[in-house]
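Student: Okay, here's the prediction I keep looking at, along with the sequence it came from:
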There are 2 protein chains.
Amino acid sequence: MSDDALWLDDAEMETWLALISLVMKLPSALDEQLRRDAKLSHFEYGVLAVLERAEDHTRRMSDLAYLCNGSLSRLSHVARRLEEAGLIERFACPTDGRATLAKLTDHGLDILAKAAPGHVALVRHLVFDVLDEDETARFGVLAKRILTRIEEG
Amino acid sequence: MSDDALWLDDAEMETWLALISLVMKLPSALDEQLRRDAKLSHFEYGVLAVLERAEDHTRRMSDLAYLCNGSLSRLSHVARRLEEAGLIERFACPTDGRATLAKLTDHGLDILAKAAPGHVALVRHLVFDVLDEDETARFGVLAKRILTRIEEG
DNA sequence: CAGGAAATATTGAACCTTCAACTAAGATTA
DNA sequence: TAATCTTAGTTGAAGGTTCAATATTTCCTG
């Protein structure tokens, strides 16, 4: 970690304040819409969405946690609630006795399909309606660069 | 809200996944360092940092909540804990009987000063070490544009 | 292959945030 | 100015997340 430059200059501070505000406010905005339209948190929506794209609508808990950007413990609690609500089911992995597989149920797929259009519309409204094609690409590149740093830690 | 384009194209999806991962992982990264070095959450650090820059190290609760990107209720709970820990104090506003003012104590300032270098170093490491001057400016502009949308909602 | 180390997942407790209800004070208006 | 509306803040309960401890299985090593 570079310790030389010990404070942020004005331009850096301006960008940092924008980023940190974005980071703190985007989740609430997404949660609000999903909670209202589908009684799901954004994290729960993410779990369903990842499963929907997975082979046989099934994934290992630990893979799922990674793909959903959450801890395994967090996922485990959420999975219990989703299972109780009948949106997913869990069962032992046949090839690795330690692993648990989570699978999207038909009901879960229904709920996801009902929630998705409103969610996508919001994402488009908040992000892609204000970024042109070029800006979208550049923004993604920079976000990924920061993300890589975070994941290295 | 535009309802026309109902799904994200590949480039948009790529950028969206990067952004949402960033949004979900940055807080934990910041929390971890601050928790370890100063026993503060990032939100608590933000409260102290905003007060430090305020006139007389004092601000109204509602202004503070806005500047910290949190709800007034959240701030109220956090302020109680910070007050119990002696990092801030609260007192009635002399000019508006409804308002409460929060003020950074000397002890709070000490704790903040102890936490700041590590925090800034982490921010620099995660963000500004991987963005040049031009990228920093552009990234800030785009983040602010999205932020504006969120705040309009 | 026995024993220890690492990986996978769950659980309960502690902690934090959100939500809704409530108190109190200032602003508005009839 | 009395009645009402709005603004500011706090609080307790409900719900979600983190952290540490635990159980179980697999992998590795001597």
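Tutor: It's in.
Student: Tell me the residues of chain A that contact DNA strand C?
Tutor: A:28, A:31-32, A:35, A:60-63, A:72-73, A:75-77, A:79-80, A:90, A:93, A:96, A:98-101 (C-beta under 7 Å from any atom of the strand). (Each C-beta comes from the backbone N, C-alpha and C, glycine too.)
Student: Of those residues, which ones also sit close to DNA strand D?
Tutor: Okay, of the residues of chain A next to DNA strand C touching DNA strand D (C-beta under 7 Å from any atom of the strand), that's A:Ser73, A:His77, A:Asp96, A:Arg98.
Student: Can you give me every residue that contacts A:Leu109?
Tutor: A:Leu109 sits next to A:Leu48, A:Glu52, A:His57 when contact means C-beta atoms under 8 Å, 6 or more residues apart in numbering or on different chains.
Student: switch the cut-off to 10 Å
Tutor: The contact partners of A:Leu109, taken as C-beta atoms under 10 Å, 6 or more residues apart in numbering or on different chains, are A:Leu48, A:Leu51, A:Glu52, A:His57, A:Leu87.
Student: Could you list the low-pLDDT ranges of chain A?
Tutor: Chain A contains residues with pLDDT under 70 at A:1-5.
Student: what are the phi and psi angles of the residue in it positioned nearest to DNA strand C?
Tutor: At 2.7 Å from DNA strand C, A:Ser62 is the closest residue in chain A, using C-beta to the nearest atom of the strand. In terms of degrees, to the nearest 10, the main-chain angles of A:Ser62 are phi -70, psi -40.
Student: what's around it, how many residues?
Tutor: When neighbours are counted by other C-beta atoms under 10 Å in any protein chain shown, A:Ser62 registers 13.
Student: before we move on, what about A:Gly97?
Tutor: By other C-beta under 10 Å, neighbour count at A:Gly97 equals 7.
Student: how close does A:Leu51 sit to chain B?
Tutor: 16 Å (C-beta to the nearest C-beta, to the nearest Å).
Student: Now do the same contact list for that residue.
Tutor: Applying C-beta under 10 Å, 6+ apart to A:Leu51 gives the contacts A:57-59, A:64, A:67-68, A:82, A:87-88, A:102-105, A:108-109, A:112.
Student: Where does chain A get nearest to DNA strand D, residue-wise?
Tutor: A:Gly97 (2.4 Å).
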